[in-house]
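**Q** Sequence first, then the predicted structure, then my questions.
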Amino acid sequence: MGSKANISKLGYQLGFCAAYHYPDKIRSLLSYILDRLGERLGWDQVVSVILYGSTSRGELSYIDKGNIDLFSDFELEVVTVNRVPAKIIQGIKADLGKDKMGIANPLFHVDISFNTRLGYRIKKIFDRRIANYEMKETGKVLYGEDLLRSFPRIDVNNLDMGNTNQLILVRLWMQLLFLPPSFPGLQAGAREEQLVKYCLVRNALDVLTIYLPNAGVLLPTYKARLEYIRQHKDKLAGLPEDYGRFLEECYHAKTTLQFKLPMKEYYARMLEGYLFLLEYLLGMERGKAALGERSEEISRAIIADRDAFMSDRLLSRYKRYRNERLLTKRMGKGILNTVKWIKADRRPMVLVTLLNMHMYIYQKMCNSNQADRCLDMAIKYAEKSQMLEPGQEGVAGMEGWFSLKSKIILFMSKWFYRDTQYVNNLRRELGWEED
């Protein structure tokens, strides 16, 4: 790969930037990414470059005060003629680092998936994740063939609902990753407070991303989902009272970076949304008790239910098994232990661990004496999921919480991301490493 085309003559399709009233810097950044892809791959090898995610939906989070401050990332699907060698992919990642692009915000990064034309065809046939639905509905072709037209229809009847529901685990994990060592004692108005609040509102908005498909409604943007619950509130069984209003505030905060509520309220209501979701998916009556009591009951139900509500489709399951096989290989486990590991789905235990890690912090914010019960449960299921060895975590209180958090981050970066370098770099950028 590598014939260098005359990039200035190429037709990049970036008209949507003006339609969404994005500043010129966004268009320049996307042009820069396309230039680097062309240089590294050779345009004769590129079939299509597709942008998806918040940028293509018109829901990009940024502050424009001379120097652009980007809170959202750029997500791209690059389809090529031939498989891209790892060395070239590493070169592209280096080209698109924050330092090269002039973006300092730790929440921003460029996430690129590479597929050959054949790989993309397989993805079209088998991959029914909600991210692909959103890409088909709101993705923007930046260069090359419009492959989105040929992507089969995804609706509530063929959506990978288990993978959609797994977003609960993903969102709780991402929120944990972005809690700094000083939390919850952040200084009002500080940069750390802004980043944590942004993550809380971003994660709260995905309550509807998960809930609505389970209620038979599939919509591709936060704005469309909020409009739907405004118009059909009577049809949405069990959604917490005035939660729609809270999510409107979250949407406003995500798109303007102006946060009207105190940290404790954002945290409580984000957790309330995910507790409601879990009760709904587990067939439980919506709890009226305090969040801590509901969390304990839900944790037990998740373990009893095992992976039923996260039961994913073939391609998602294959990718998960592949990740776990590579992880067990790095851990030095033999074939029999690897089979055992894969057979025992760890997602319910990981979910319970993450939920109770958040409940511990929230209880601490409330000065509740129930906090230690949450930490005990988090430790119990961290051991069962093999995030840590039995008996390894003996420290109580906040010190124990931070120690366990570090081990969870290490485990998740191998198990979930398969990219410890990304997570380590992120923690260094944030300056939030506990160890």
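**A** Now that the structure is in, tell me what you want to look at. Keep in mind that what you see is a predicted model, and the values were worked out from it rather than measured.
**Q** Please report how far residue 362 lies from residue 375.
**A** 12 Å (C-beta to C-beta, to the nearest Å). For the C-beta atoms, the positions are set from N, CA and C on the backbone; glycine is no exception.
**Q** Can you report how many residues lie near residue 150?
**A** If you count neighbours by other C-beta atoms under 10 Å, residue 150 ends up with 11.
**Q** That one: helix or strand, and which one exactly?
**A** Using DSSP states H and E, residue 150 is not contained in any helix or strand.
**Q** How confident was the prediction at it?
**A** Note on residue 150: pLDDT of 88.
**Q** Please name the residues that touch it.
**A** residue 124 (C-beta atoms under 8 Å, 6 or more residues apart in numbering).
**Q** Need the three-state assignment for residue 369.
**A** coil (DSSP: H, G, I helix; E, B strand; the rest coil).
**Q** need the contact list for it.
**A** Taking C-beta under 8 Å, 6+ apart, one finds nothing in contact with residue 369.
**Q** Pull out the buried residues from the top helix by length along the chain.
**A** Longest helix in the chain, counting residues (DSSP state H): helix 191-214. Within helix 191-214, the residues scored as buried using 16 or more other C-beta atoms under 10 Å are 192-214.
**Q** Could you do stretch 66-85 as well?
**A** 68-80, 84.
**Q** next one: stretch 248-255
**A** Buried residues in stretch 248-255 (16+ other C-beta under 10 Å): 249, 250, 251, 253, 254, 255.
**Q** Other residues contacting that stretch?
**A** So stretch 248-255 is contacted by 59, 61, 197-198, 201-202, 204-205, 222-223, 226, 258-261 (C-beta under 8 Å, 6+ apart).
**Q** shaky segments in the stretch 1-150 of the chain?
**A** Across the stretch 1-150 of the chain, the ranges flagged by pLDDT under 70 are 1-10.
**Q** repeat that with 90
**A** 1-11, 65-67, 97-104, 106, 109, 121-127, 150 (pLDDT under 90).
**Q** Check the stretch 151-300 of the chain too.
**A** Those would be 151, 177-192, 232-242, 285-289, if you go by pLDDT under 90 across the stretch 151-300 of the chain.
**Q** and residue 112, helix, strand or coil?
**A** Going by three-state DSSP: residue 112 is strand.
**Q** Over to residue 148. Which of the three states is it?
**A** Applying three-state DSSP: residue 148 is coil.
**Q** of the buried residues of stretch 66-85, closest to residue 400?
**A** Closest to residue 400 out of the buried residues of stretch 66-85 is residue 71 (31.3 Å), distances taken as C-beta to C-beta.
**Q** Residue 180 versus that closest one, what's the distance?
**A** Distance from residue 71 to residue 180, by C-beta to C-beta: 16 Å.
**Q** Helices of the stretch 301-435 of the chain, residue ranges please.
**A** For the stretch 301-435 of the chain, helices defined by DSSP state H, counting those that start in this stretch occupy the ranges 314-330, 335-343, 347-365, 371-384, 397-412, 420-430.
**Q** cool, and the stretch 101-250 of the chain?
**A** Taking DSSP H, counting those that start in this stretch as the criterion, the stretch 101-250 of the chain carries its helices at 117-126, 130-138, 161-165, 167-177, 191-214, 222-231, 243-256.
**Q** Take these and write them to a markdown table, including distance to residue 42.
**A** Output for the helices of the stretch 101-250 of the chain, formatted as a markdown table (distance: least, C-beta to C-beta, whole Å):
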| stretch | distance to residue 42 |
| --- | --- |
| helix 117-126 | 15 |
| helix 130-138 | 25 |
| helix 161-165 | 34 |
| helix 167-177 | 35 |
| helix 191-214 | 36 |
| helix 222-231 | 37 |
| helix 243-256 | 38 |
